[in-house]
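> Quick one: sequence and predicted model below, then my questions.
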Protein chains: 4
Amino acid sequence: MLVRLRKNVPEPERAAVLALAGELGYAVRALEPRRELLELSGRGAPDHRSRFEDLAGIEAILDAGEARERFQRAPLAPDTLVQVGSGRFGAGHVTVIAGPCAVEDEARLLEIARGVRAHGATVLRGGAYKPRTSPYSFQGSRERGLEMLARVKLETGLAVVTEVLDTRDVEAVAEVADLIQIGSRNMANSALLSEVGRLRKPVLLKRGFSATLREFCLAAEYVLAGGNPHVVLCERGIRGFDPSTRNVLDVGAVAALKRMTHLPVIVDPSHAAGRADLVRALARAGLAAGADGIMVDVHTAPSEAHCDGHQAISLEEFAHVTADARALASLDGKRLSTLVESARIESTCVELAR
Amino acid sequence: MLVRLRKNVPEPERAAVLALAGELGYAVRALEPRRELLELSGRGAPDHRSRFEDLAGIEAILDAGEARERFQRAPLAPDTLVQVGSGRFGAGHVTVIAGPCAVEDEARLLEIARGVRAHGATVLRGGAYKPRTSPYSFQGSRERGLEMLARVKLETGLAVVTEVLDTRDVEAVAEVADLIQIGSRNMANSALLSEVGRLRKPVLLKRGFSATLREFCLAAEYVLAGGNPHVVLCERGIRGFDPSTRNVLDVGAVAALKRMTHLPVIVDPSHAAGRADLVRALARAGLAAGADGIMVDVHTAPSEAHCDGHQAISLEEFAHVTADARALASLDGKRLSTLVESARIESTCVELAR
Amino acid sequence: MLVRLRKNVPEPERAAVLALAGELGYAVRALEPRRELLELSGRGAPDHRSRFEDLAGIEAILDAGEARERFQRAPLAPDTLVQVGSGRFGAGHVTVIAGPCAVEDEARLLEIARGVRAHGATVLRGGAYKPRTSPYSFQGSRERGLEMLARVKLETGLAVVTEVLDTRDVEAVAEVADLIQIGSRNMANSALLSEVGRLRKPVLLKRGFSATLREFCLAAEYVLAGGNPHVVLCERGIRGFDPSTRNVLDVGAVAALKRMTHLPVIVDPSHAAGRADLVRALARAGLAAGADGIMVDVHTAPSEAHCDGHQAISLEEFAHVTADARALASLDGKRLSTLVESARIESTCVELAR
Amino acid sequence: MLVRLRKNVPEPERAAVLALAGELGYAVRALEPRRELLELSGRGAPDHRSRFEDLAGIEAILDAGEARERFQRAPLAPDTLVQVGSGRFGAGHVTVIAGPCAVEDEARLLEIARGVRAHGATVLRGGAYKPRTSPYSFQGSRERGLEMLARVKLETGLAVVTEVLDTRDVEAVAEVADLIQIGSRNMANSALLSEVGRLRKPVLLKRGFSATLREFCLAAEYVLAGGNPHVVLCERGIRGFDPSTRNVLDVGAVAALKRMTHLPVIVDPSHAAGRADLVRALARAGLAAGADGIMVDVHTAPSEAHCDGHQAISLEEFAHVTADARALASLDGKRLSTLVESARIESTCVELAR
């Protein structure tokens, strides 16, 4: 590890650094006369970097060396493959998730589920608990929504992803969901992250809309550190300054994340664009940048949607999106997941491939 | 209310708007031949705007008219005054909150508390539950931290503000805290906001680091709508692009918020700057922009702090900060809260002044 | 046109709006009792919207109606095709621009030019005048660089794009360049935009790194209004907050621009990424989002580059980039421009297709 | 100097670094076995850092040591004082600049000039050449505007600041202006910066709305390196994401700049806010953060302003602003500049105090 102390660091702060280094088994060598640049030799562990960064005397960790966090890509180690029903994410597999923003009416949900299944989706999205900006907006059908999702899942064979908002609801959501979503607004909700880290179910973690990639990966680390290796990252647009689109889909983040981490990365073009007419272009861009899947808002009657109706695409448009996904996957020698009729619907977690 | 429908809105979407208008008792008049601009006349209520915005047919609410949310400043209505121990926020009162970022050692905490009390703080800050980017960073002393805060509060007569991270901890935190903090990372955590909305204790709500002012105020609305009128807003810096400061203290937001809402607004210069040498300047700037208080990280031995040691100021520097606060308050004819020995320490909530 | 006046607009401000409406031949009708919402009927012209926006009484132009600026896509009107040597941009044509960031050594430039030509580039990029953050950084080979570009152009048959920084250099640059670049830092340099608007040579306009799409298009309007219809827009990354990439390639902007304007839009993945290993992924993402071309930094010996060596890709990597471009273009039924030996090298401007 | 090479830097790139070090007279020592961390000992000069940064092998300059740019504050060196007519900026002096956004009508200009003079302004602002987003917006009265400014300056004794947009106009503007403004949109226009660097007249350089502080200071360095030491920096708001204010006044930048550079720093609250009702609060905040002056849009009849009428404040409000400035200056032991009748109006440049 290569560590830089603060300029003119007071002696007690330097001592605290040396003490921690000793405790963690590192040999320390000062690299220049002012002794502000330290080389630490020893065996790294996932928690070391953060523990040094906690110290007031540390200016920066210039090189973490072997102290690699769990999310980090190690040389030669394979990608993690996360399996959710028939859907596979990562390690050469691409999956399409689709469905309504919110679960409202069961007949409608079933209609949409059958529609997206017909066009190539293997995972159904649908919010039962909805995080909303205003307390007066529709907050989701909650328990009733989970029940609808459970029945539609049985009926269609699609796996299900749905969001959890409260530590107290994790168990109930995990009973129905094959993939548990932590939304953007809760990306830094460490209590919730720790709670889903106790599960052995795949977790879909959406990037906070102003989170750096390191902050995003460290949020995933809360889940991984809890013992749950099945995390799918989702880029969904960062906050920008232009009113033309709701958010800015950060395709550079997709490409950079694929180099930083072995975890699968998908994109959500619907929330990024905030307008239906751009969804197809953004889905293509995300996949072309290397995403392992997409998550798309689809609705058969946007006018009746209680939330985010503007951004839902029709089944016709969705057919174009999945055709694009198939073409782009094949261009890259990747496989687009298809529904396996006999697949046990519960998520069968593949061992973490490290 | 003046409402604009989406261009070429389909008939069912228009019908849904008219149906909601009818349900809420509004008379509707189309203002131009295309009937995309509607004037709704009737009595507004806090939830109306959000309910219209939920409809897919709505392009924008151009003028909400009488449909005013609870956070909004009504013409001629007085400011809300929130009282926390001896500290008063808003309606001409300015309060200084100070203390360590995290509660670690009781003797140290007491030393700091006495120090900041001597220089004019009336509320002690100190994190027992710490939200951290990395799962390996110090997560706070938790229950033990709450106990230390309780004892130091008794000992010093200072009121206490501390953060809650999990809905399941709200009760325990509320037993000790006179002012319950919801941090930036949880500003949009609706489950947590609703939970503190059930209390009758003052809540300090920090702005998410990329939240718009309307999003910020609607987060406060979750608390207000739950029946808890005692909310203090805190601007603590927004995410910027320049590495010189950790965040950008948005003093324009302070000034704009004072016009949008009757709630008190304070600033946190320590988290905005992320470096001790700028704290005093930012505290001054926030107060000069109209803030009703400041919250400052102070530590007597920054080198021993387990988090954010770089940004804590010394007692000497803090003396300058409070002197500035006193001078600026007097320039504006405001009163800086001082410790009233006989004050009952529990927060005595003043009735919401509306 | 649908115009909204400021709330409680003073009478002289209202009168100024009505006077301008009269002067421009609009009939005015107030849509509601407060007379703050005005419908203007009449024939629009490109300058009308801006002229109304100049008035202090105007809150917003809700709908510009027929007052369409020159950059705007009109219903049913075809895309503009800009031709630069053998390269065609827009209207179903995709072109690859490649070359070194800066022109330094003629032998090296020729080597790179031949290399990129072999792999499918039809336009050579190379900066003679370099805009640099520091006055002490290499400012380009200037006139000598232009001469090298002129000779390499003759030698290779590639068309040439190079940047102009000063109104006084426009003529000299236009003598050599087939496509004149206005860089990001000068996107809002109205003097320079007006100057190239006087030419009849194609202009490559790069988006300022914090410009909204409307600001970007209005910068192009300076050129169009001057009588030069040959403008290619280039998205090159917006300023973000994450240090992983230098800028954020805004692929949503590409998709949104293609809907706003008839002008061709390309992307510059090299300046967006700021690191060579992400260039290919970003080039793919841009094209998948609908871009009409890409501009890529290529160097045969990055270690000798005097600027932006980190982001230049090798010829081997460039071969992958053009193969991707060919595959993506064919997926969309677009044509990738190829070098026509007999092509007159000077840019032969196609009539503006409107 | 402490320099970090790129990881696994190729040999020619390392050699290029060593060659430059030799050329500039530095002795080089590798600090660790991989030889990626180099200590360079020798005499620094303003251009050294940028020249190293130009090399592809350099990852970062960790510590520039003695290689200090001209804008940088040197230990123990005094602040630069820039004098413009009766106005003094920096080194304990605060100056108020005020006037209309654009110069339109001479009688009106004179009225405003007399008004702001009566309330304590010593420098008159007024745009003759206006940088506008749209080519159809009012572009300023140009030469005629300069003539009006010249006459009003004679009449009132106020010094004048006005903007230059084109290298070809620098001479004409410098004949009238006592302080030559480079606007935000041209902050990175190196041709224009170099041109005003040839003058010996004070330059007011506004921060680009997404420029980092280092980019801002390096733009000033273009002027300083040209031999003109009289630069005043102006923070005028950075681009944000919230529509409540047009820009975000970055008071942390003011405080940080005062530590980075010896140059005076002022704020422009009018362009930051974009709305008149927040100007006073932002002016106060900027001064409280340590600014050496303010520049405010004032108009006696905002309804007749051809640009930015929304943000201009009245003379009554301006009286409050200058009263605040006086109070805040006196709180800090600074002096607010007042009009000296006998002052020669041409800017009498004080020798650069270094």
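Alright, I've got the coordinates.

> how far away is the nearest residue to residue A:228 once chain neighbours are set aside from chain C?
In space, and not counting its chain neighbours, residue A:228 is closest to residue A:197: 5.0 Å by C-beta to C-beta, 6 or more residues apart in numbering or on different chains. Glycine gets a C-beta too; all of them are placed from N, C-alpha and C. As defined by C-beta to the nearest C-beta, to the nearest Å, residue A:197 lies at a distance of 24 Å from chain C.

> Looks like residue A:197 contacts residue A:225 (just checking).
Yes: assessed by C-beta atoms under 8 Å, residue A:197 is found in contact with residue A:225 at 6.5 Å.

> What sits closest to the residue most central in space within chain A if chain neighbours are left out?
By C-alpha atoms, centre = their mean, the mean C-alpha position of chain A lies nearest to residue A:233, the distance being 2.1 Å. Of all residues not flanking residue A:233 in the chain, residue A:265 sits nearest, at 4.7 Å (C-beta to C-beta, 6+ apart).

> Contacts only, for the residue nearest to residue A:297 when sequence neighbours are not counted.
Of all residues beyond its chain neighbours, the one nearest residue A:297 is residue A:270 (3.8 Å), with distances taken as C-beta to C-beta, 6+ apart. By C-beta atoms under 8 Å, 6 or more residues apart in numbering or on different chains, the residues touching residue A:270 are A:101, A:279, A:295, A:296, A:297, A:308, A:311, A:312, A:313.

> tell me which element the second one is part of?
Assessed by DSSP states H and E, residue A:279 sits inside helix A:279-288.

> So that helix, near chain B or not?
No: Helix A:279-288 is not in contact with chain B by C-beta under 8 Å from any C-beta of the partner chain; minimum separation 15.2 Å.

> Could you check how far the residue of chain A found nearest chain D is from chain C?
Proximity of chain A to chain D (C-beta to the nearest C-beta) peaks at residue A:31, 4.1 Å away. Counting by C-beta to the nearest C-beta, the separation of residue A:31 from chain C is 24 Å.

> these two touch, right, that residue and residue D:37?
Yes: taking contacts as C-beta under 8 Å, residue A:31 lies within contact range of residue D:37: 6.6 Å.

> Report the set of residues contacting both of those two.
Here residue A:31 and residue D:37 have A:37, D:31 as joint contacts, going by C-beta under 8 Å, 6+ apart.

> so the residue nearest to the centre of chain A sits in a strand?
Yes: using DSSP: H, G, I helix; E, B strand; the rest coil, the assignment for residue A:233 is a strand.

> Please name the residues that touch it.
By C-beta under 8 Å, 6+ apart, residue A:233 lies in contact with A:205, A:207, A:216, A:217, A:220, A:257, A:261, A:263, A:264, A:265, A:266.

> how far away is residue A:292 from chain C?
Counting by C-beta to the nearest C-beta, the separation of residue A:292 from chain C is 13 Å.

> Show me how the record splits chain A into domains.
Using automatic domain parsing, the domains assigned to chain A come out as A:2-63, A:82-336.

> Just say which of these is most tucked in.
Stretch with highest mean neighbour count among the domains of chain A: domain A:82-336 (a mean of 23; mean count of other C-beta atoms under 10 Å in any protein chain shown).

> How about the residues of the stretch 101-250 of chain A by chain D?
A:239, A:240, A:241, A:243.

> Let me know whether the first one touches residue D:242 as I believe.
Pointing back at residue A:239 there. No: assessed by C-beta under 8 Å, residue A:239 is found out of contact with residue D:242, at 9.8 Å.

> Let me see the contact set for the nearest residue to residue A:9 once chain neighbours are set aside.
Nearest-residue entry for residue A:9: residue A:57, 4.8 Å, with adjacent residues in sequence omitted and distances by C-beta to C-beta, 6+ apart. Going by C-beta under 8 Å, 6+ apart, residue A:57 touches A:5, A:6, A:9, A:10, A:13, A:14, A:16, A:17, B:303.

> who touches the second one in this structure?
Counting by C-beta under 8 Å, 6+ apart, residue A:6 touches A:13, A:36, A:56, A:57, A:58, A:59, B:310.

> swap the cut-off to 10 Å and go again
A:13, A:14, A:36, A:55, A:56, A:57, A:58, A:59, A:60, B:303, B:309, B:310 (C-beta atoms under 10 Å, 6 or more residues apart in numbering or on different chains).
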